[in-house]
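Colleague: model this:
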Amino acid sequence: MTRPAANLLVGAVTIAIVLGALELLSWPALALLARDTRFDFTPLADRLAEQSRKLEEILAGKDRFLGLDAELGWVYPPEHSSDLYSTNSRGLRGTREYARQPATGVLRVAAFGGAFVFASEVRDEEAWSFQAERMEPRVELLNYGVGGYGTDQALLLYRRRGQELAPQVVVLGFPEVDLPRNVNRYRRFLDSRDLPLFKPRFELDPHGELRVIPNPFSGEPGSRRVLADPRLALEAAVGDELFEPLVWRNPLYDRSSLVRLASTLASRAWHSRLRADRFYRGGEMSRDSQAFAVLVAIVRAFAREVENVGDTFVFMIFAFRDEDIWGSARRSYAPLVEALPGITILDLADALRADPELTPATLRAPGGHYSPAANRATGRALLELLRTRGLL
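Modeller: Numbering: from 1, shown residues only. Purely as a prediction, here's the structure:
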């Protein structure tokens, strides 16, 4: 064997040994990091199999509190009842029915948004909308919240149903978890453990106007297509800022623990720390991110459409970081507040901080949503704003 050939052989063997050692070391590393809910190292074959199992359950109606919707992705069905949640004949939170027009002397408020608006994890009578009605009988609070919604879906739902019961005030609720949802089309790209649900999103056209990217697999027919061919779900990656190609399109991901480890960590580092339009910089929302620009455009459009019909718009921020509520530094969403001059904003951090019942230990339900006490503070804060603005 010639010396160059021998050198090549030694080099190849060395590389093989190093890769083999790294592969072996990656096994305990995966096991250790898998305890951190920020990471998911599940092989793609298992992810797609789980996707199909969950789709079968949804299509079979096993989750009675979920209906597929061709435009919005999903909705809550009317007249649902369980130990925790109820909806009325129009699919609004609770059992109370509302006339088409409010009675004289009654202020009718319609609220749109995701799980914090809906008040997930608490019973109907503990939800902020119910508690506000109980504290102030002159207010009717129509809760159109749907768990998992971004502000994009909230705007589309308002366009569909916002005027059906003649509200005088319209509230758009926003927790920070909605920021990435507005640039997401498939829930499992945002959280690989989530339900296999698809949604529309908005993008900005060259003139800065909102343009809808439709739901990629609309309604039951779309879900059945994905069930028949699970990899079709990857078509939702077009226009989805949360898609991780190193994970979802990596042919070696299922074959090597080292590849799974490196690809997952690299993807997360790219999205959270390296990409130019990442969601946060220096602990605050980044004005340079596409998600921020889309969110600001949605809120402005929502306010404009509400005010065009003569109603009052309120943008309600559901603060949930301890440091935003009890800390002394600028709040993580301060750039958003600054980007919305002229819009009525109810920042719940102030009300939560002032409530003697609330501490970091009592703020949240087990799953991270507001506790009954935080819901009560939310209802009270909204009523105070309505009084301050002369609406009550």
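Colleague: show the pLDDT at G379.
Modeller: Note for G379: predicted pLDDT of 98.
Colleague: what about stretch 269-277, start to end distance?
Modeller: End-to-end distance for stretch 269-277, by Cα to Cα, to the nearest Å: 13 Å.
Colleague: hmm, who's touching it?
Modeller: Contact partners of stretch 269-277, identified using Cβ atoms under 8 Å, 6 or more residues apart in numbering, comprise 242, 244, 278-280, 286, 288-291. The C-beta positions use only the backbone N, C-alpha and C, and glycine is treated the same way.
Colleague: now do the buried residues in it.
Modeller: Judged by neighbour count using 16 or more other Cβ atoms under 10 Å, the buried positions of stretch 269-277 are H271.
Colleague: any low-confidence regions in the protein?
Modeller: Residues of the chain meeting the criterion pLDDT under 70: 1, 3-25, 27.
Colleague: tell me the centre residue of this protein?
Modeller: Nearest to the geometric centre of the chain sits D178, at 4.0 Å (Cα atoms, centre = their mean).
Colleague: what sits against that one?
Modeller: So D178 contacts 113-114, 149-151, 295 (Cβ under 8 Å, 6+ apart).
Colleague: out of the contacts of stretch 269-277, give me the one that has the most neighbours.
Modeller: Greatest neighbour count in the contacts of stretch 269-277, by other Cβ atoms under 10 Å, goes to A291: 23 neighbours.
Colleague: just the CA coordinates for the helix or strand encompassing it, please, in CSV.
Modeller: In this assignment (DSSP states H and E), A291 forms part of helix 290-308. Presented in CSV, the C-alpha positions along helix 290-308 are these (Å, rounded to 0.1, in the frame of the first residue of the first chain):
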residue,chain,number,x,y,z
GLN,A,290,-41.9,39.4,10.2
ALA,A,291,-44.1,38.2,13.1
PHE,A,292,-44.0,41.6,14.7
ALA,A,293,-44.8,43.5,11.5
VAL,A,294,-47.7,41.1,10.8
LEU,A,295,-49.0,41.4,14.3
VAL,A,296,-49.0,45.2,14.3
ALA,A,297,-50.8,45.2,10.9
ILE,A,298,-53.4,42.8,12.2
VAL,A,299,-54.1,44.9,15.3
ARG,A,300,-54.4,48.1,13.3
ALA,A,301,-56.7,46.5,10.7
PHE,A,302,-58.8,45.0,13.6
ALA,A,303,-59.1,48.5,15.2
ARG,A,304,-60.0,50.1,11.9
GLU,A,305,-62.7,47.7,11.0
VAL,A,306,-64.3,47.9,14.4
GLU,A,307,-64.2,51.7,14.5
ASN,A,308,-65.6,51.9,10.9
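Colleague: which residues touch the helix or strand hosting Q153?
Modeller: Following DSSP H and E, one finds Q153 within helix 151-161. Under the criterion Cβ under 8 Å, 6+ apart, residues 71-73, 110, 112-114, 117, 144, 146, 149, 170, 172-174, 178, 181-182, 199-202, 212, 294-295, 298-299, 301-302, 305-306 lie in contact with helix 151-161.
Colleague: now do 6 Å
Modeller: For helix 151-161, contacts defined as Cβ atoms under 6 Å, 6 or more residues apart in numbering pick out 72, 112-113, 178, 182, 201-202, 298, 302.
Colleague: where do the helices of the stretch 151-300 of the chain begin and end?
Modeller: Taking DSSP state H, counting those that start in this stretch, the helices of the stretch 151-300 of the chain run over residues 151-161, 178-181, 187-190, 219-228, 245-248, 257-269, 290-308.
Colleague: for D355, find the nearest of these.
Modeller: Of all those, it is helix 178-181 that lies closest to D355, at 23.2 Å by Cβ to Cβ.
Colleague: just read off the phi/psi values of R108.
Modeller: Per-residue torsions, R108: phi -100, psi 130 (degrees, to the nearest 10).
Colleague: what about it, neighbour count?
Modeller: The tally of other residues near R108 (other Cβ under 10 Å) stands at 20.
Colleague: what about it, distance to A119?
Modeller: Using Cβ to Cβ, to the nearest Å, R108 is found at 19 Å from A119.
Colleague: quick one on the thing from earlier: buried residues in the helix holding Q153, which are they?
Modeller: 151-158, 161.
Colleague: for stretch 118-137, same thing?
Modeller: 118-122, 124, 126-133, 136.
Colleague: which among these gets closest to S267?
Modeller: Distances from S267 to those, taken as Cβ to Cβ, are shortest for S120 (28.2 Å).
Colleague: excluding its backbone neighbours, what's nearest that closest one?
Modeller: Nearest non-adjacent residue to S120, counting by Cβ to Cβ, 6 or more residues apart in numbering: H369, 4.7 Å away.
Colleague: circling back to that earlier point, whatever helix or strand comes next after the helix holding A291 pairs with which strands, parallel or anti?
Modeller: The helix or strand immediately downstream of helix 290-308 is strand 312-317, counting by DSSP H and E. Here strand 312-317 is paired, per DSSP bridges, with strand 169-174 (parallel), strand 345-347 (parallel).
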